[in-house]
Structures are given as C-alpha cells and as structure tokens.
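Peer 1: One predicted model, sequence on top.
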Amino acid sequence: MKLSGVEIRTIRVPLVSPFRTSFGTETVREALVLRAVTGEAEGWGECGAGIAPLYSSEYTHASADVLSRYLVPALAGVADLDAHRVAPALAGFKGHRMAKAALETAVLDAELRAAGVSFGRALGAVRASVPCGVSVGITGSIPELLDAVAGYLEAGYLRIKLKIEPGWDVEPVRAVRERFGDILLQVDANTAYGRGDARHLAGLDPFGLLLLEQPLAEDDLRGHAELAARISTPICLDESIVSARAAADAIAMGACQVVNIKPGRVGGYLEARRIHDVCAAHGVPVWCGGMLETGLGRAANVALAALPGFTLPGDTSASERYYRTDLTQPFVLEDGHLAVPAGPGLGVAPIPEVLDEVTVATEWVPL
Ligand SMILES: CC(=O)N[C@@H](Cc1ccc2ccccc2c1)C(=O)O
Ligand SMILES: [Mg+2]
C-alpha cells in the first residue's frame, strides 16, 4: 500500500456528564483522530490518550507531537506498507503505545476498506454482537450513585463497574448490592491503593464482585501477586498489561486472574489479539476496556470484543453513555448488546460536519 500522508486532528467533545475516577474528573474528551491517505482507500484511527498524563504517561499533545515528528515519517521508508509492518517500523521509538496504536489502526482500516474486509473478520470475531457493561464514575453521594446505576440497568447494561478510591469503596459497593441484588458487579481503582491496603481491600470480598481492577501501581506486579494471595475477589489488570509479554508475566506471577484488554494501551489491535491469545492459552478470561472512544474507536473495540476469549461484558458502552452527538452513527444498546459493524474496515466513518465541529486543530503530515 502506498501511504501519501496522515492527517492528525485534535478533537474536543463534551461529555454528557462529568466522569470522575481516582485520577481526576473529565468533562471534555480531548483525543486525536487520524486519517491515513493511501492510493486505494482512506483509513481512520483514534488515539485514546487523555488531555493530561493521568491514566498513563501519554497525553494528547505529546501523542500528536510524536506522531508528526517521528512515527508518521518513519513509515516513509517501509516498502509494501501494510498494518503488520507498522509496529516493527515504529519499534525503535520507546513507548507512546496509544499514538502507535492510532497510526496502526488507521493503516489497518485503509487496508481492510481497500480489500472489502471488516475489522471483525480480520481479527477473528465469532459473534455478530457483544454483551456490554458500563463504567460508573465516583459520585458526590451514595443516592446519586444508586440513581446512576438504576439508569444504566434500565438502559439494559449487563454488568456494572464502579470506580473506587480510598474513602469510596466498601460503602458504595454495599449500597449497590443492597439495592440491586446479585447483578454482575465489579470495581476499578485505577492504581489508587498501596501494598498496605490488603486488609482493607479484603473488605470487598463479601460482595461477590466479578473482579477488582488495577488496585495497585501499574508497575507493581509483585504487589498484585501478594494481594491476590490475601483476598478472594479475583484481580484484573488494566494499566499493567502493556503487551503480550506483560500479560504472560502477570499471569505467571499470579498477579491477575482476569485481563482488561485495551488496544490503545498495548500499541494496537494486532498486539491486543496477541494478548487475547496468550490469555486464552492460560485459561484467563478477558474483556474489552474503554477509553471513552468516539464511534471510531468504539467500532474497532466492539469487533475485538467479538473474539472467542472475550467471555466477560466489557466497557464497550453505547455512544450516549459519553456523548450527545457521536462522531459516527451512534452505537445503540439493544438488549444489552452492541452489534459488530459488518462493513469494510471499521464499518463506520466520521460524519464530516460533526468532525469539523469538534476539531480544534488539524495537521497534515506528508510522506
Ligand atoms: C471506561 C473506563 O473506566 N476507562 C478507563 C479509565 C479512563 C477513564 C477516563 C478517561 C478519559 C480520558 C482518557 C482515558 C480515560 C481512562 C479504565 O478502565 O480504567
Ligand atoms: Mg481500568
């Protein structure tokens, strides 16, 4: 494939409601949308980095800079470019996995659109729709939380995930259990706890949670392995799992029993599939995490979530969970499921006037 250049748009889309986690509160989603222009087709990719380096070390402005200054130019030297050759061409540059993922996805989308093959088919999807969960932020009070959970259950979500942090953990979980009974329920700490919190976190054990997601620092596999030996709630890792090797190491060390797969965090959908395969080989269930993607990233995530090892509902929520107007045709929850797009490539594309409305900066990087 001949890549003539990549357009990098910075977009800002207001969230329907503030989303509070242990690392801060978001009211506007700032992200990058990439358009790869090739001779045969155009491909789209989305960079999930946040506006500030709070979820991980990456952030939008840095991702845009590393893409225009290093990553996109590095593809100029690749003969017969295709999606499988992107990661090797970028491997010399350290880190910046979300930026790399966006670029690989845009190249993969262009390649698949030209070939008339869907993302689902290319990745190995075995389902036409996927069961969906929802991530519920920290609220100002327990009643407010219960109202939010009631609304999402009413909407049909099949699993509830509560963001927790020290001071907001056992009580909200107890309140949700008491009000809603034995719904599928899990929690996500986004690294907010320390090695000294094992006894406190054991306080979650009586509530039959599906999992406790990333309680400790992203580089503390040993701490997670020690914690797993002291609590009965299964541990799921998110921030720690940056590659297939990291997944194999975490599983071998007993640091996790479940894995949240996020293609942006691991450098793209091809590495995400490798993580899926490593986990399947170890009998470790996986689910698809979310980074408040627009319909572009959401389309690719839903396709990934249709692979056989994705046996738990993921955070692939409907567009309206986050946005009043999505960049693409909205993803709408039906009986708690989202349909896997069947068209070539992502199967969706940005609505031009919506994309222009939310674009705050555009940079064309020629090759
Ligand atoms: C759906 C969900 O909980 N996602 C992440 C946390 C998260 C939340 C908000 C974000 C905003 C901008 C960039 C990254 C973000 C990541 C998680 O599973 O840990
Ligand atoms: Mg998480």
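Peer 2: That came through fine. Ligands and ions are numbered 1, 2, ... in the order given.
Peer 1: can we go C-alpha only for contacts and neighbour counts from here?
Peer 2: Will do.
Peer 1: and the residue of the chain positioned farthest from its centre, what does it touch?
Peer 2: The C-alpha centroid of the chain is most remote from A79, which lies 30.8 Å away (Cα atoms, centre = their mean). A79 makes contact with no residue, according to Cα atoms under 8 Å, 6 or more residues apart in numbering.
Peer 1: backbone phi and psi for it, please?
Peer 2: Dihedral pair for A79: phi -70, psi 150, per degrees, to the nearest 10.
Peer 1: Look up how far R85 lies from it.
Peer 2: According to Cα to Cα, to the nearest Å, A79 and R85 sit 9 Å apart.
Peer 1: same question, E26
Peer 2: For E26 relative to R85 (Cα to Cα), the value is 35 Å.
Peer 1: same question, R321
Peer 2: R321 is 35 Å from R85, by Cα to Cα.
Peer 1: Comparing the two, which shows the higher neighbour count?
Peer 2: R321 (19 against 15; other Cα atoms under 10 Å).
Peer 1: who touches the more buried one in this structure?
Peer 2: V16.
Peer 1: hmm, 10 Å instead?
Peer 2: Shown in contact with R321 (Cα atoms under 10 Å, 6 or more residues apart in numbering): L15, V16, S17, V134, S135, V136, Y152, L292, F331, V332, L333.
Peer 1: Pull out the buried members of those.
Peer 2: In these, burial by neighbour count holds for L15, V134, S135, V136, Y152, L292, F331, L333, counting by 16 or more other Cα atoms under 10 Å.
Peer 1: Okay, and which of those map to strands?
Peer 2: The strands, defined by DSSP state E, take in L15, V134, S135, V136 from the buried ones among the contacts of R321.
Peer 1: ok, the second one touching R159?
Peer 2: Yes. The criterion here is Cα atoms under 10 Å, and V134 meets it with R159 at 6.4 Å.
Peer 1: which neighbours do those two share?
Peer 2: With Cα under 10 Å, 6+ apart, V134 and R159 have common neighbours Y152, L153, P313, G314, D315.
Peer 1: interface residues of the stretch 201-350 of the chain facing ligand 1?
Peer 2: G289, G290, M291, L292, D315 (Cα under 6 Å from any ligand atom).
Peer 1: dump the residue contacts of the closest residue to L237 other than its chain neighbours.
Peer 2: Spatially, and ignoring its direct neighbours in sequence, L237 is nearest to Q214 (4.9 Å; Cα to Cα, 6 or more residues apart in numbering). In this structure, Q214 makes contact with 187-193, 220, 224, 235-241, 256, 259-260, judged by Cα under 10 Å, 6+ apart.
Peer 1: which stretch of helix or strand covers the nearest residue to S135 once chain neighbours are set aside?
Peer 2: Spatially, and ignoring its direct neighbours in sequence, S135 is nearest to K161 (4.7 Å; Cα to Cα, 6+ apart). Assigned by DSSP states H and E, K161 belongs to strand 159-163.
Peer 1: Show me what that strand packs onto, helices and strands only.
Peer 2: strand 3-21, strand 133-136, helix 142-155, helix 170-180, strand 185-188, strand 212-213 (3 or more Cα pairs under 10 Å, 6 or more residues apart in numbering; DSSP states H and E).
Peer 1: just checking, what packs against the third one?
Peer 2: What that stands for is helix 142-155. Packed next to helix 142-155, using 3+ Cα pairs under 10 Å, 6+ apart, are strand 133-136, strand 159-163, helix 170-180.
Peer 1: That one: which residues count as buried?
Peer 2: Within helix 142-155, the residues scored as buried using 16+ other Cα under 10 Å are I142, L145, L146, V149, Y152, L153.
Peer 1: Farthest-apart pair in the ones in strands among the buried ones among the contacts of R321, please.
Peer 2: L15 and V134 (14.9 Å; Cα to Cα).
Peer 1: need the residues of the stretch 1-150 of the chain near ligand 1, please.
Peer 2: G48, A49, G50, Y55, S135.
Peer 1: For the first one, the count of nearby residues, please.
Peer 2: Residues within reach of G48, counting by other Cα under 10 Å, total 30.
Peer 1: Now do the contacts for the closest residue to A255 other than its chain neighbours.
Peer 2: Excluding its sequence neighbours, the residue lying closest to A255 (Cα to Cα, 6+ apart) is A225, at 3.9 Å. Contact analysis of A225 by Cα under 10 Å, 6+ apart lists I235, A250, I251, A252, M253, G254, A255, C256, Q257.
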